[in-house]
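Undergrad: can't give you the sequence, but here's the structure:
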Ligand SMILES: NC(=O)c1ccc[n+]([C@@H]2O[C@H](COP(=O)([O-])OP(=O)(O)OC[C@H]3O[C@@H](n4cnc5c(N)ncnc54)[C@H](O)[C@@H]3O)[C@@H](O)[C@H]2O)c1
Ligand SMILES: O=C(O)C(=O)C[C@@H](O)[C@H](O)[C@H](O)COP(=O)(O)O
Ligand SMILES: [Zn+2]
């Protein structure tokens with residue numbers, strides 16, 4: 001079983017990738033579970049599909065799951081959900097050294113991690129990611145957040161989990177559209193820093209999308225290892241290294257905001273479009289070549305993901321889309337550093353981007 005360490009001074013933890021990890025939960029968690037009652041946060045869909053497995057595994061180890069179940073979907077990453085969850089955790093008398101379990105996709109992981117960061121000024125949590133996206137990205141690295149009226153992930157904290165168990169078996173029930181959204185964050189690691197992994201994705205993306213066990217194991221393990229390396233180097237996104245994980249996200253978050261954080265455009269789908277835009281904009285600026293941008297576009301289209309924002313029916317101008325970017329967390333004294341490409345596998349942070357030029361570029365892409 002691949003075990004990937006996330007090495008942080010004094011707070012290192014493991015990401016275990018394998019099959020059957022949920023059914024083996026008490027043994028996997030070991031001493032992290034200290035009390036008979038274990039708080040488990042999930043969404044309605046995941047509870048219906050995987051709740052029984054978790055409940056029975058805990059019961060077999062002498063534990064009782066205490067469930068907090070939220071509606072599925074991006075709108076759950078809200079102030080309202082956070083308030084309800086925090087009140088519930090306090091009513092459950094969760095202590096600092098306890099661990100809350102987050103069972104679900106990135107929405108549940110981000111929200112539960114944020115709640116864990118503020119309850120009693122910080123208690124423990126364990127990530128049980130159940131989407132491809134959560135296994136390869138959101139469960140690792142400690143970014144937690146909710147969305148607000150002003151934009152995506154604008155309120156949150158860095159708070160690392162104590163353990164991540166990526167059970168590949170749970171992906172069997174994941175709809176194809178959600179697999180595609182997760183695959184966007186997989187291929188991101190290739191585009192931003194590893195041309196060999198990108199080429200592997202070009203050759204094996206269809207297998208990953210079809211749920212091939214070996215391909216999934218490799219894709220998840222390689223993605224987690226790539227993220228762990230970056231997070232270990234720049235945990236709090238202060239040096240610019242971690243910001244590279246934001247490839248496609250400045251465009252993507254603007255698209256998510258414009259479409260109202262709903263089912264119309266999933267986070268991974270927005271990131272896929274954002275990476276195409278970042279590649280095309282990099283070519284327009286002369287940093288990379290048109291053939292590179294076309295290769296990125298083709299690899300993303302090959303996974304069944306949309307690559308043209310003109311097809312989204314956004315009904316807005318390039319300027320309006322660019323306005324959303326003013327709230328980006330990378331914003332620094334009036335300039336917005338953008339993750340661009342010098343080539344496939346060679347992302348960098350460009351601090352010289354003019355938002356008016358981005359707006360003009362977006363207007364062309366929308367036409
Ligand atoms: N913290 C980070 O570093 C980070 C990284 C990437 C994305 N994110 C965030 O993650 C969120 C997106 O995560 P997501 O794509 O996992 O979305 P999600 O949590 O909404 O899950 C997607 C859908 O899949 C369902 N689902 C989950 N597991 C399932 C399973 N095994 N079988 C069937 N259905 C299942 C859910 O109920 C939901 O309807 C966004 O809010 C994004 O901002 C955070
Ligand atoms: O872990 C990171 O760092 C990332 O940027 C991963 C992204 O895929 C993720 O969507 C993250 O939540 C975006 O970060 P944000 O700081 O722009 O909200
Ligand atoms: Zn993302």
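TA: Here it is on my side, so go on. Every value quoted in this text rests on a predicted model; they were computed, and no experiment measured them. Ligands and ions are numbered 1, 2, ... in the order given.

Undergrad: and the residue in the stretch 201-350 of the chain that ligand 1 sits nearest to, how many neighbours?
TA: Using Cβ to the nearest ligand atom, the closest approach of the stretch 201-350 of the chain to ligand 1 is made by residue 267 at 3.9 Å. Heads up, the C-betas are built off the backbone N, CA and C, glycines and all. Residue 267: 27 surrounding residues under other Cβ atoms under 10 Å.

Undergrad: isn't it right next to residue 256, touching?
TA: Yes. Taking contacts as Cβ atoms under 8 Å, residue 267 lies within contact range of residue 256: 6.4 Å.

Undergrad: what's the overlap in contacts for the two?
TA: Common neighbours of residue 267 and residue 256, counting by Cβ atoms under 8 Å, 6 or more residues apart in numbering, are residue 74.

Undergrad: quick revisit: contact partners for the residue of the stretch 201-350 of the chain closest to ligand 1?
TA: 74, 106, 133, 181, 252, 256.

Undergrad: ok, residue 164 next?
TA: Contacts of residue 164 by Cβ under 8 Å, 6+ apart are 13, 14, 15, 16, 126, 127, 129, 139, 140, 224.

Undergrad: next: residue 157.
TA: Residue 157 neighbours (Cβ under 8 Å, 6+ apart): 113, 114, 117, 118, 144, 145.

Undergrad: mind listing what's buried in stretch 74-88?
TA: By 16 or more other Cβ atoms under 10 Å, the buried positions in stretch 74-88 come out as 74, 75, 76, 77, 78, 81, 82, 85, 86.

Undergrad: and for stretch 293-312?
TA: Neighbour counts over stretch 293-312 (16+ other Cβ under 10 Å) mark 293, 295-297, 299-300, 302-303, 305-307, 309, 312 as buried.

Undergrad: can you tell me which two in the residues you listed are farthest apart?
TA: Distance extremes for those: the farthest pair is 295 and 312 at 22.6 Å, using Cβ to Cβ.

Undergrad: downstream of the helix or strand hosting residue 272, the next helix or strand is which one?
TA: Assigning secondary structure by DSSP states H and E places residue 272 in helix 267-284. As assigned by DSSP H and E, the chain's next helix or strand after helix 267-284 is helix 290-302.

Undergrad: elements contacting the following helix or strand past that following helix?
TA: Next helix or strand after helix 290-302 toward the C-terminus (DSSP H and E): helix 318-324. For helix 318-324, the elements it packs on are helix 249-258, helix 355-366, judged by 3 or more Cβ pairs under 8 Å, 6 or more residues apart in numbering; DSSP states H and E.

Undergrad: quick one: closest of the ones you listed to ligand 2.
TA: helix 249-258 (5.1 Å).

Undergrad: list the buried residues of that closest one.
TA: Buried residues in helix 249-258 (16+ other Cβ under 10 Å): 249, 250, 251, 252, 253, 254, 255, 256, 257, 258.

Undergrad: residues in contact with that helix?
TA: With Cβ under 8 Å, 6+ apart as the criterion, helix 249-258 contacts 74, 151-153, 265, 267, 270-275, 277-278, 309, 312, 314, 316, 320-322, 324-325, 328, 330, 336, 338-339.

Undergrad: quick check on these: which are buried?
TA: Buried among the contacts of helix 249-258 (16+ other Cβ under 10 Å): 74, 151-153, 265, 267, 270-275, 277-278, 309, 312, 314, 320-322, 324-325, 328, 330, 336, 338-339.

Undergrad: up against ligand 2, what does the stretch 101-250 of the chain have?
TA: 137, 141, 143, 145, 153, 185, 242, 245, 246, 249 (Cβ under 6 Å from any ligand atom).

Undergrad: so which of those is the most crowded?
TA: Counting neighbours by other Cβ under 10 Å, residue 137 leads these with 28 neighbours.

Undergrad: contact partners for the residue lying closest to residue 347 once chain neighbours are set aside?
TA: With Cβ to Cβ, 6 or more residues apart in numbering as the criterion, residue 347 has its nearest non-adjacent residue at 4.0 Å, and that residue is residue 192. Going by Cβ under 8 Å, 6+ apart, residue 192 touches 244, 245, 247, 339, 341, 345, 347.
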